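Chemist: 3D, please:
(chains A, B, C and D)
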2 protein chains.
Amino acid sequence: MRILLVEDEFDMAAALTTALIRHDIVVDHAPTLEIAQEATRSALYDAVLLDRKLPDGDGLSLIPILRRERAGLPVIVLSALGSPEHRVAGLDNGADDYLAKPFSTDELLARLRAVMRRPPQIGENAVNVARLRFDLNERQAEVEGEPLDLPRRELLALEILVRRAGRTVPRSALEEAVYGYDDEIASNSLDAHISRLRRKLSRAGVEIHAIRGLGYLLRAAA
Amino acid sequence: MRILLVEDEFDMAAALTTALIRHDIVVDHAPTLEIAQEATRSALYDAVLLDRKLPDGDGLSLIPILRRERAGLPVIVLSALGSPEHRVAGLDNGADDYLAKPFSTDELLARLRAVMRRPPQIGENAVNVARLRFDLNERQAEVEGEPLDLPRRELLALEILVRRAGRTVPRSALEEAVYGYDDEIASNSLDAHISRLRRKLSRAGVEIHAIRGLGYLLRAAA
DNA sequence: TGCCACGCAATGCAGCCGCAATGTCCGGTC
DNA sequence: GACCGGACATTGCGGCTGCATTGCGTGGCA
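Modeler: Below is the predicted model:
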């Protein structure tokens, strides 16, 4: 079992590490959000222990990023901010548990075990852009968690735009994806689909830019 | 969202129920372990709130039973026994969370949300969607605890829709599941089955969407 | 032999989507 | 900076495809 400890105070980190190692848990230590983000990208952890007051920001801000990149990774917040309001904020930001300092290491270990009992999340393959989420496996779009029902052609167009989000998708590639090779198009239907897509994505925080003479580009709104 | 509150003190139960109902959570109340066990057998809950000191024993003893019968059901222990030792005991007995009384209802709600975010347990043999429950082992559908007898083809269709609830099931997959590979279909019989299913599920709070050109999708009604 | 499941077909209907008309914006040229 | 052309945006319309619903008839099962 390998966990990432995100904690800037050296004493605290050292004490926790010692306690965890004693229970055969491998601990990696990240003193800042930036390092933590880097670490979760490269290495494979079973859980994250997250402090809130960090040099480069509130630890909570890390959780949505983790959820996006490593959806199933359990996160337990460890913080001196222990009021009910703080706890609610932590949990509603996506933490799996919230433990106020000071706590007993036994309880921490028990909560770690509890959170690790969850079955691993597998096979998720989704792209997030702003408040838009596109599940590539299920071919399903969501805006703020609400499923967005799209007709076939619009769905196909959105899929390829999202797969290449931030990059220009040539018009020819879009036509091919939406209509297929054979089914040729003799009007501005594609533009019409894009237009309807834009309206339906108005609350998603993304914008579909037309790149004149080339194609379209989807990205998070400014 | 429907939860079971296992609590013997009337005042406590009433206060909690009021608070939860205010957040659109349906609460069933069980004052003893025996009643609680009975309730979880028949009905469909999204979570259990469990007191410890109950007339017929320690609430913790219920957890292993629940884990056996309803593996993925989240359990949050609510107890006046709040020492770290008590917490560890609760969590290591299988509870997903442990909240010491007194607590803020906001925190309870946040912890409920946190615990409900978990993906459904893999070993779980039943799927709940709104008021519909489908037991995958018994191949039995229930609406609000009432068994729903379905003819074979409708049952097969419902099974695959429920297994992939919230996701589009291609028409071809449905045909294959309902009719088998060889048994080809030369009409809109499948549509007819879906239509009859819809009528029978009218009180289940689910809807079966047709995804034009692709297939069908079952999910909780808006 | 009565009942139920289910395939089948007819009818009705909704929504997708192609199309075109009109409006708007952008870039290039002088 | 004014003008112009072309590309994109938006919207309404209508046709057509594919789904919804229902009734009927048959065949299987008790």
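Chemist: quick one: contacts of the helix or strand hosting residue A:153?
Modeler: Residue A:153 is part of helix A:152-163 when elements are defined by DSSP states H and E. Under the contact criterion C-beta atoms under 8 Å, 6 or more residues apart in numbering or on different chains, helix A:152-163 has outside partners A:127, A:129, A:132, A:134, A:136, A:139, A:141, A:150, A:169, A:173-174, A:177-179, A:190, A:193-194, A:196-197, A:200-201, A:208, A:216-218, B:211-214. Backbone N, C-alpha and C define where each C-beta goes, glycine included.
Chemist: any of these buried? List them.
Modeler: Neighbour counting by 16 or more other C-beta atoms under 10 Å in any protein chain shown classes A:129, A:132, A:134, A:139, A:141, A:150, A:169, A:174, A:177-179, A:190, A:193-194, A:197, A:200-201, A:208, A:216-218, B:211, B:214 among those as buried.
Chemist: from chain A, which residue is nearest to DNA strand D?
Modeler: Of chain A, the residue with the smallest distance to DNA strand D, taken as C-beta to the nearest atom of the strand, is residue A:210 at 3.3 Å.
Chemist: and that residue, helix, strand or coil?
Modeler: Three-state secondary structure (criterion: DSSP: H, G, I helix; E, B strand; the rest coil) places residue A:210 in strand.
Chemist: so which of the contacts of helix A:152-163 are in helices?
Modeler: Among the contacts of helix A:152-163, the subset assigned to helices under DSSP state H consists of A:173, A:174, A:177, A:178, A:179, A:190, A:193, A:194, A:196, A:197, A:200.
Chemist: do stretch A:48-55 and chain B meet at all?
Modeler: No - under the criterion of C-beta under 8 Å from any C-beta of the partner chain, stretch A:48-55 makes no contact with chain B; the nearest approach is 13.9 Å.
Chemist: bridging residues for the residue of chain A closest to DNA strand D?
Modeler: For residue A:210, the beta-bridge partners are residue A:216 (DSSP bridges).
Chemist: residues of chain A that sit close to DNA strand C?
Modeler: Residues of chain A lying close to DNA strand C (C-beta under 7 Å from any atom of the strand) are A:151-154, A:179, A:185-189, A:192-193, A:212.
Chemist: filter those residues by proximity to DNA strand D?
Modeler: A:188, A:192, A:212.
Chemist: buried residues in the strand or helix carrying residue A:15, which are they?
Modeler: Element membership of residue A:15, judged by DSSP H and E, is helix A:10-21. Residues of helix A:10-21 classed as buried under the neighbour-count rule (16+ other C-beta under 10 Å) are A:12, A:13, A:16, A:17, A:19, A:20.
Chemist: tell me how far stretch A:208-220 lies from the chain's centre.
Modeler: Stretch A:208-220 sits 24 Å away from the centroid of its parent chain (C-alpha atoms, centre = their mean, to the nearest Å).
Chemist: measure that stretch end to end?
Modeler: End-to-end span of stretch A:208-220 (C-alpha to C-alpha, to the nearest Å): 9 Å.
Chemist: residue ranges of the strands in chain A, please?
Modeler: Per DSSP state E, chain A has strands spanning A:2-6, A:26-30, A:47-51, A:53-54, A:57-58, A:75-79, A:97-100, A:126-129, A:132-135, A:140-143, A:146-148, A:168-170, A:206-211, A:215-220. These are given in chain order.
Chemist: tabulate the ones you listed (a markdown table), appending mean pLDDT.
Modeler: Below are the strands of chain A laid out as a markdown table (pLDDT from 0 to 100):
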| stretch | mean pLDDT |
| --- | --- |
| strand A:2-6 | 91 |
| strand A:26-30 | 89 |
| strand A:47-51 | 94 |
| strand A:53-54 | 94 |
| strand A:57-58 | 92 |
| strand A:75-79 | 95 |
| strand A:97-100 | 94 |
| strand A:126-129 | 83 |
| strand A:132-135 | 89 |
| strand A:140-143 | 90 |
| strand A:146-148 | 89 |
| strand A:168-170 | 93 |
| strand A:206-211 | 94 |
| strand A:215-220 | 93 |
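Chemist: ok, the spatially most central residue of chain A to residue A:40 distance?
Modeler: Central residue check for chain A by C-alpha atoms, centre = their mean: the C-alpha nearest the mean position is that of residue A:68, 1.0 Å away. For residue A:68, the distance to residue A:40 under the criterion C-beta to C-beta, to the nearest Å works out to 11 Å.
Chemist: the residue in chain A sticking out farthest from the centre: what's it in contact with?
Modeler: The C-alpha centroid of chain A is most remote from residue A:186, which lies 39.9 Å away (C-alpha atoms, centre = their mean). With contact set as C-beta under 8 Å, 6+ apart, residue A:186 has no partners.
Chemist: state the pLDDT value of it.
Modeler: The pLDDT attached to residue A:186 in the predicted structure is 73.
Chemist: circling back: so the helix holding residue A:153 versus helix A:189-200, what angle?
Modeler: 80 degrees (axes from the mean of the first three to the mean of the last three C-alpha atoms, to 10 degrees).
Chemist: buried residues in helix A:152-163?
Modeler: Burial within helix A:152-163, assessed by neighbour count using 16+ other C-beta under 10 Å, is assigned to A:153, A:154, A:155, A:156, A:157, A:158, A:159, A:160, A:161, A:162.
Chemist: pLDDT added to these, as CSV?
Modeler: Supplementary listing: the buried residues of helix A:152-163 in CSV, determined by pLDDT from 0 to 100:
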residue, pLDDT
A:153, 93
A:154, 95
A:155, 96
A:156, 94
A:157, 96
A:158, 97
A:159, 95
A:160, 95
A:161, 95
A:162, 95
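Chemist: nearest to residue A:110, of those residues?
Modeler: Proximity of the buried residues of helix A:152-163 to residue A:110, judged by C-beta to C-beta, is greatest for residue A:162, which lies at 40.8 Å.
Chemist: now the residue nearest to the centre of chain A, nearest residue through space, not along the chain?
Modeler: Spatial nearest neighbour of residue A:68, excluding adjacent residues (C-beta to C-beta, 6 or more residues apart in numbering or on different chains): residue A:128 at 5.0 Å.
Chemist: the one you found - how many residues pack around it?
Modeler: Other residues near residue A:128 come to 16 when the count uses other C-beta atoms under 10 Å in any protein chain shown.
Chemist: and for residue A:40?
Modeler: Using other C-beta under 10 Å, residue A:40 has 22 neighbouring residues.
Chemist: isn't it right up against residue A:48?
Modeler: Yes - counting by C-beta atoms under 8 Å, residue A:40 does reach residue A:48; the two are 6.9 Å apart.
Chemist: what touches both of those two?
Modeler: A:4, A:66, A:73.
Chemist: run through who's touching the helix holding residue A:15.
Modeler: By C-beta under 8 Å, 6+ apart, helix A:10-21 touches A:3, A:5, A:7, A:27, A:29, A:31, A:49, A:51, A:105, A:108, A:109.
Chemist: what angle do it and strand A:47-51 make?
Modeler: Computed by the same axes, to 10 degrees, the angle separating helix A:10-21 from strand A:47-51 equals 160 degrees.
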